[in-house]
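**Student:** Sequence first, predicted coordinates after that:
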Amino acid sequence: MEQEKMDEALELIWGLEESGNSDTAGFSGVWEDKTPETVIKTLKTRGLITLTGDRIAFTEKGSAQAKELVRRHRLAERLFTDVFDLSNSAAEADACRVEHILSAELTDSVCAFLGHPPLCPHGKPIPRGECCRKYSSDIKPLVVRLTDFEAGKSGRIVFITPSDVSRIGRLSSIGIIAGAVVRLLQKSPSVVLQIDETTIAIDSDLAKEIFVKKV
């Protein structure tokens with residue numbers, strides 16, 4: 001089985017595990033030229049998965065490979081949507097192509113450039129890398145926390161990572177949603193934003209959960 005097909009299979013298993021349904025039925029109809037049995041046999045022979053009945057599980061080697069593939073794919077999606085403003089469908093197609101060629105070093109650079117995003121444009125988690133744990137880089141991030149944004153500048157909200165999910169509804173009701181353009185008026189003693197003609201004050205803890213890029 002060619003490398004790209006094997007990569008696709010590993011990503012598929014990762015997605016099945018995320019959905020809590022990692023069994024062989026998930027492979028049905030994925031490839032016209034490969035039966036599920038052929039794909040599974042190849043992965044098992046290469047020491048990437050184990051099979052217990054119909055349940056598929058990663059080996060340590062398989063999990064590491066799948067994690068890097070998924071990380072590269074979802075970071076590429078973020079890059080194409082956040083930087084180049086591609087549609088989700090176009091970003092998905094291009095991400096499928098570049099995920100096979102990104103080196104580990106370039107992947108970390110893209111991650112740092114984007115501000116170590118936790119989610120892809122579809123809301124799925126992006127596996128963490130070493131650069132995320134260190135959270136330091138010589139590359140100036142494109143996407144930053146609102147608290148690290150420059151006062152007086154305008155930015156587009158890229159994503160929000162609320163520690164309390166119930167905050168999403170409250171933020172939405174005042175216009176703080178992904179895609180909204182805000183102007184940061186001040187950062188101390190409270191964070192003050194302007195959205196259209198409305199001025200809003202929020203606490204700094206909440207502002208740390210809002211990620212923006214300069215417009």
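**Tutor:** Looks like it arrived, so ask away.
**Student:** give me phi/psi at the residue positioned nearest the centre of the chain?
**Tutor:** Closest to where the C-alpha atoms of the chain average out (Cα atoms, centre = their mean) is residue 120, at 2.7 Å. The phi/psi pair for residue 120 (degrees, to the nearest 10) reads phi -80, psi 170.
**Student:** Surely it and residue 127 touch.
**Tutor:** No: counting by Cβ atoms under 8 Å, residue 127 is not a contact partner of residue 120; they are 10.4 Å apart. C-beta: built from backbone N, CA, C; applies to glycine.
**Student:** Now do the shared contacts for these two.
**Tutor:** Taking Cβ atoms under 8 Å, 6 or more residues apart in numbering as the criterion, residue 120 and residue 127 both touch residue 74.
**Student:** Show me the helices in the protein, by range?
**Tutor:** Here the chain has its helices, by DSSP state H, at 3-19, 36-45, 60-82, 88-98, 104-113, 130-134, 167-173, 204-207.
**Student:** what comes up buried for the longest one?
**Tutor:** For helix 60-82, the buried set under the neighbour-count rule, 16 or more other Cβ atoms under 10 Å, comprises 62-63, 65-82.
**Student:** Kindly export it (C-alpha atoms) in CSV.
**Tutor:** The C-alpha coordinates for helix 60-82 follow below in CSV (Å, rounded to 0.1, in the frame of the first residue of the first chain):
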residue,chain,number,x,y,z
GLU,A,60,2.8,3.1,20.4
LYS,A,61,4.5,3.5,17.0
GLY,A,62,1.2,3.9,15.1
SER,A,63,-0.2,6.4,17.6
ALA,A,64,3.0,8.6,17.3
GLN,A,65,2.7,8.5,13.5
ALA,A,66,-1.0,9.3,13.4
LYS,A,67,-0.6,12.1,15.9
GLU,A,68,2.0,13.8,13.7
LEU,A,69,-0.2,13.4,10.6
VAL,A,70,-3.3,14.8,12.2
ARG,A,71,-1.3,17.6,13.7
ARG,A,72,0.2,18.6,10.4
HIS,A,73,-3.2,18.3,8.6
ARG,A,74,-5.1,20.4,11.2
LEU,A,75,-2.4,23.1,11.4
ALA,A,76,-2.4,23.3,7.6
GLU,A,77,-6.1,23.8,7.7
ARG,A,78,-5.7,26.7,10.2
LEU,A,79,-2.9,28.2,8.1
PHE,A,80,-5.0,28.2,4.9
THR,A,81,-8.2,29.5,6.6
ASP,A,82,-6.6,32.1,8.9
